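Q: okay, sequence plus prediction incoming.
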Amino acid sequence: MAFFLETLIGGLMAGMLYSLVALGFVLIYKASGVFNFAQGAMVLFAALAMARFAEWFPEWTGIANPVLANIVAFVAAGALMFIVAWLIERLVLRYLVNQEEATLLLATLGIAYFLEGVGQSMFGSNIYPIDIGMPKDPVFLFDGVFPGGILVNQEDVIAAVIAAALVLALSLFFQKTKTGRALRAVADDHQAAQSIGIPLGRIWVIVWCVAGAVALVAGMIWGSKLGVQFSLTTLALRALPVVILGGLTSVPGAIIGGLIIGVGEKLSEVYLGPYVGGGIEIWFAYVLALVFLLFRPQGLFGEKIIDRV
Amino acid sequence: MLYRENGQFKTTYRSDQQIFPIAQDRIAIGLLLAVAFVAIPLFASEYFYTSILIPFVIMSLAALGVNLLVGYCGQISLGSGAFMAVGAYGAYNFFVRIPGLPLIPALILGGLCAMFFGILFGLPSLRVKGLYLAVATLAAQFFSDWMFLRITWLTNESPSGQVSVNKLKVLGMALDTPVARYLFCLSLLTLIALLAKNLVRGAIGREWMAIRDMDVAAAVIGIRPMYAKLSAFAVSSFIIGVAGALWAFVHLGSWEPAAFSVEVSFRLLFMVIIGGLGSIMGSFFGAAFIVILPIVLSRLLPAMGDLVGVELSTATVSHVELMTFGGLIVWFLIVEPHGLAKLWSMGKQKLRLWPFPH
């Protein structure tokens, strides 16, 4: 029982982090109809920037204060993500207004490759650590209830809390602020939004910035867990089924989808894996999403798609 | 083309429906084939075969398959690498389990395996399309990555999925020289490209294109979406499967599942985009571009670095390669969504009227 709970909690924590990446997808899709394949590359880019700035700051200024270095690195990486978002709108999206979704998808694939190339040639392609002072030691909970207690990773808990806070902040931003309302208007209908004076270009920059910020937080957390390296880009591929499961246009969908996938992956790996040779984490989420798609093509919380001739 | 087609009148339906109705085009294609089959083997060096020609020919075949699905039927697939892998390992299984099985039937059986796999993972296309389908086909990719690594039966009990074939023979002739391997792949490519060209000109191809352009409207005028989509998946994954088997058997000789990773799927998609979506010729252009570009960059960049006195590492070159690919994809999508094939046909059109533009 304790082992099952441990696996479950581990799954929930991992799921929260998937949600964080999935959130980036959903935000951009909601506000611009672009399925952003470059989200993984953005996570890598942001994490690389953060890790390297934190390393360079003491070298350049001679101030050996890790907290200050991290803050400066975070701000610098955030600024960089802002520039990236602006450039993407300026150089790519502007010319692809009203194109088919498939074209936009392929364009983001191109952006992903470009960002991976630029990021690695600017910041290097080794494995870099991010140290934001997260406690690494596991703790045991409920010692009295179960023999031996439940092993929980502190780092995971903090990451999940940060992710949850970010999600909360974003939903408030979407629901309560003027910009948030504008974003939702653009998502509903580009042309109508434009005709009542919402500047489309600026909205897109904002959305990509927010997605960049989400990528930065995701990259920071994953980076401090695993180190910043090229494999961070595959994180986006891991988060894709989450979006599919939750529905492309739904923020709560991204979160619940993430939790389902996280728990499903861990439980299936532990209880199903040994029978088929292990390592089924790689495809379990995808096949789950695939089977799910057959029954509910728009995802759990997605909007129903109606086609007209 | 510095020629006019004035005076070439068609008096029968047969002559009007030829693949190349213009006599000069027929001659040009004939010359091209003669160069590919006769002139190149006379001059090419060993390096040229193994690093450019054979990869180009096999990748063209794969790109052709992807183009049938993505370009003609509009079903975006990110699982092409998986279909190649299934073709390769399928052919391998038949090859080692049935003693004395000739190479060509093994390739065809491998293609059939890929076809069934493709139909299976094409089933979601009946319910979902566009983005959702792209993700669904990624499932095929990750599933095959895992399958050939973990299910040892499929790899003849090889623990890491690494397998190899040797002493290949076709119709009694050994495929031991680069020339023989090149000619074998080229013959298959020519044959399949001809079949594909005729397929897309015919009823099935038109159904695919109707589904691509607007599936609801196509269904309204009586095209069965299920039949059209699944046939596109079947034909395309058969061709990709054969290409995968060729890549493994003829080009690599010994391979592991990583040879058909998700990276390969992306590359194939790039070939199709850069070459031209919905164009048989575009598949060749795209394959040539993507195969040759890294080789050119890996030679050119260090040379240019030397000129300005900068030492470029291989890592930098590979990063520049990534950037070039990414930049080109975006550039093509914005400026010329129909790819190199469209540029080619525009050039042809311009030259046809040259020097008088009207």
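A: Done, it's in.
Q: so B:Leu32 lies in a helix, does it not?
A: Yes. Using DSSP: H, G, I helix; E, B strand; the rest coil, the assignment for B:Leu32 is a helix.
Q: could you tell me how many residues sit around it?
A: Under the neighbour criterion other Cβ atoms under 10 Å in any protein chain shown, B:Leu32 is assigned a count of 10. Glycine gets a C-beta too; all of them are placed from N, C-alpha and C.
Q: again with B:Gln141
A: 28.
Q: same thing with B:Leu312?
A: By other Cβ under 10 Å, the residues close to B:Leu312 number 15.
Q: and it, what's its pLDDT?
A: Looking at B:Leu312, its pLDDT stands at 73.
Q: which residue sits closest to it, ignoring its sequence neighbours?
A: Excluding the flanking residues, the one nearest B:Leu312 by Cβ to Cβ, 6 or more residues apart in numbering or on different chains is B:Gly305, at 4.0 Å.
Q: list the buried ones in the helix or strand encompassing that neighbour?
A: Taking DSSP states H and E as the criterion, B:Gly305 maps to helix B:280-307. Buried residues in helix B:280-307, counted by 16 or more other Cβ atoms under 10 Å in any protein chain shown: B:280-291, B:293, B:297, B:301-302.
Q: got a list of what the most centrally placed residue in chain B touches?
A: Nearest to the mean C-alpha position of chain B, by Cα atoms, centre = their mean, lies B:Ala63 at 1.8 Å. Listed by Cβ atoms under 8 Å, 6 or more residues apart in numbering or on different chains, the contact partners of B:Ala63 are B:Leu268, B:Met271, B:Val272, B:Gly275, B:Ser283, B:Phe284, B:Gly286, B:Ala287.
Q: and it, its phi and psi?
A: Backbone dihedrals for B:Ala63, given as degrees, to the nearest 10, come out at phi -60, psi -40.
Q: just the pLDDT for it.
A: Reported pLDDT for B:Ala63: 94.
Q: could you do B:Phe289 as well?
A: Confidence score, pLDDT, at B:Phe289: 89.
Q: my read: it touches B:Gly339, true?
A: No. Using Cβ atoms under 8 Å, B:Phe289 is not in contact with B:Gly339, being 9.4 Å away.
Q: now A:Leu105: closest residue in space that isn't a chain neighbour?
A: According to Cβ to Cβ, 6+ apart, the nearest residue to A:Leu105 is A:Phe35 (4.9 Å).
Q: which ones are touching that neighbour?
A: A:Phe35 neighbours (Cβ under 8 Å, 6+ apart): A:Phe25, A:Ile28, A:Tyr29, A:Glu101, A:Leu104, A:Leu105, A:Thr108, A:Leu248, B:Leu131, B:Ala134.
Q: format these as TSV; extra columns: pLDDT, neighbour count and distance to A:Tyr128.
A: Below are the contacts of A:Phe35 laid out as TSV (pLDDT from 0 to 100; neighbours: other Cβ atoms under 10 Å in any protein chain shown; distance: Cβ to Cβ, whole Å):
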residue	pLDDT	neighbour count	distance to A:Tyr128
A:Phe25	83	27	25
A:Ile28	81	25	26
A:Tyr29	82	23	30
A:Glu101	74	16	35
A:Leu104	82	24	32
A:Leu105	82	18	30
A:Thr108	88	25	25
A:Leu248	78	24	32
B:Leu131	75	23	32
B:Ala134	83	26	31
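Q: among the residues you listed, which ones are in helices?
A: Secondary structure from DSSP state H places A:Phe25, A:Ile28, A:Tyr29, A:Glu101, A:Leu104, A:Leu105, A:Thr108, B:Leu131, B:Ala134 of the contacts of A:Phe35 in helices.
Q: just the CA trace of the helix or strand containing A:Ala165, in CSV.
A: Following DSSP H and E, one finds A:Ala165 within helix A:154-176. Extracted C-alpha coordinates of helix A:154-176, given in CSV (Å, rounded to 0.1, in the frame of the first residue of the first chain):
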residue,chain,number,x,y,z
GLN,A,154,11.3,17.3,-1.5
GLU,A,155,12.5,18.7,-4.8
ASP,A,156,9.4,17.3,-6.5
VAL,A,157,7.1,18.8,-3.9
ILE,A,158,8.6,22.3,-4.3
ALA,A,159,8.5,21.9,-8.1
ALA,A,160,4.9,21.0,-8.0
VAL,A,161,4.1,23.9,-5.7
ILE,A,162,5.8,26.3,-8.1
ALA,A,163,3.9,24.8,-11.0
ALA,A,164,0.6,25.1,-9.2
ALA,A,165,1.3,28.7,-8.3
LEU,A,166,2.2,29.5,-11.9
VAL,A,167,-1.0,27.9,-13.1
LEU,A,168,-3.1,29.8,-10.6
ALA,A,169,-1.4,33.1,-11.6
LEU,A,170,-2.0,32.4,-15.3
SER,A,171,-5.7,31.6,-14.8
LEU,A,172,-6.1,34.8,-12.8
PHE,A,173,-4.2,36.7,-15.6
PHE,A,174,-6.5,35.2,-18.2
GLN,A,175,-9.7,35.8,-16.3
LYS,A,176,-9.2,39.1,-14.4
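Q: after the helix holding B:Gly305, heading C-terminal, what element do we hit next?
A: helix B:314-335.
Q: show me what that next one packs onto, helices and strands only.
A: helix A:101-123, helix B:262-275, helix B:280-307 (3 or more Cβ pairs under 8 Å, 6 or more residues apart in numbering or on different chains; DSSP states H and E).
Q: with that, I have no additional questions.
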